[in-house]
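Asker: Fold the stuff below for me.
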Amino acid sequence: MPTYTLSVNRVQRRIDSWDPSQPLLYALRGALGLTAAKPGCGLGQCGSCTVLVDDRPVRSCMMPVSAVAGHRVTTVEGLDATGSALQAAFIAEQAAQCGYCTSGMLMSARALLLTTPHPSEDDVKAALAGNLCRCGAYTRILRAVLRAARG
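Answerer: This is a model prediction of the structure:
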């Protein structure tokens with residue numbers, strides 16, 4: 001059985017998988033018990049499974065675990081202080097209604113703030129465009145990201 005070594009939330013983790021095409025999402029949730037990334041559409045279209053790989057947002061349902069060996073993977077469970085400020089802004093703006101999309105939104109927003117610390121409203125909209133919220137909390141999510149950017 002192949003073993004893959006990943007840096008997940010700043011900790012080296014080994015994942016055994018019979019299938020090198022096993023989605024990263026399943027390895028995170030099953031083998032590592034990190035459940036913030038949510039299974040949604042399974043097609044990379046809803047964004048609920050978004051994690052960061054080398055600080056870039058990826059759909060973990062579409063990313064084979066073998067492709068991230070040797071790369072840095074960050075989930076909501078591993079957000080740093082800046083990520084915590086983003087989470088606090090989501091709470092302050094009541095941006096999480098049912099919460100299913102929240103992890104993906106947080107990770108996409110975190111990736112944006114890493115490259116663009118003071119984004120415009122259009123920057124935030126573009127960064128979150130691939131994340132779907134069935135509750136329609138987009139306005140509150142937008143406000144939350146902008147609030148976190150202001151500090």
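
Asker: Can you find the helix or strand in the protein with the smallest mean pLDDT?
Answerer: helix 81-92 (a mean of 90; mean pLDDT, DSSP states H and E).

Asker: Distance from the chain centre to that one, please.
Answerer: Centroid separation between helix 81-92 and its chain, computed with C-alpha atoms, centre = their mean, to the nearest Å, is 14 Å.

Asker: now the helices for the chain?
Answerer: 24-26, 81-92, 102-115, 121-128, 138-150 (DSSP state H).

Asker: Quick check: mean pLDDT of the last one?
Answerer: Meaning helix 138-150. Helix 138-150 shows a mean pLDDT of 97.

Asker: what do you get for the longest one?
Answerer: Summarised as a single mean, pLDDT over helix 102-115 is 97.

Asker: For that helix, list every residue counted as buried.
Answerer: 102-113 (16 or more other C-beta atoms under 10 Å). For the C-beta atoms, the positions are set from N, CA and C on the backbone; glycine is no exception.

Asker: okay if I get these as JSON lines plus distance to Arg59?
Answerer: What follows is the buried residues of helix 102-115, written out as JSON lines (distance: C-beta to C-beta, whole Å):
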{"residue": "Thr102", "distance to Arg59": "16"}
{"residue": "Ser103", "distance to Arg59": "12"}
{"residue": "Gly104", "distance to Arg59": "9"}
{"residue": "Met105", "distance to Arg59": "13"}
{"residue": "Leu106", "distance to Arg59": "15"}
{"residue": "Met107", "distance to Arg59": "10"}
{"residue": "Ser108", "distance to Arg59": "10"}
{"residue": "Ala109", "distance to Arg59": "15"}
{"residue": "Arg110", "distance to Arg59": "15"}
{"residue": "Ala111", "distance to Arg59": "12"}
{"residue": "Leu112", "distance to Arg59": "16"}
{"residue": "Leu113", "distance to Arg59": "19"}
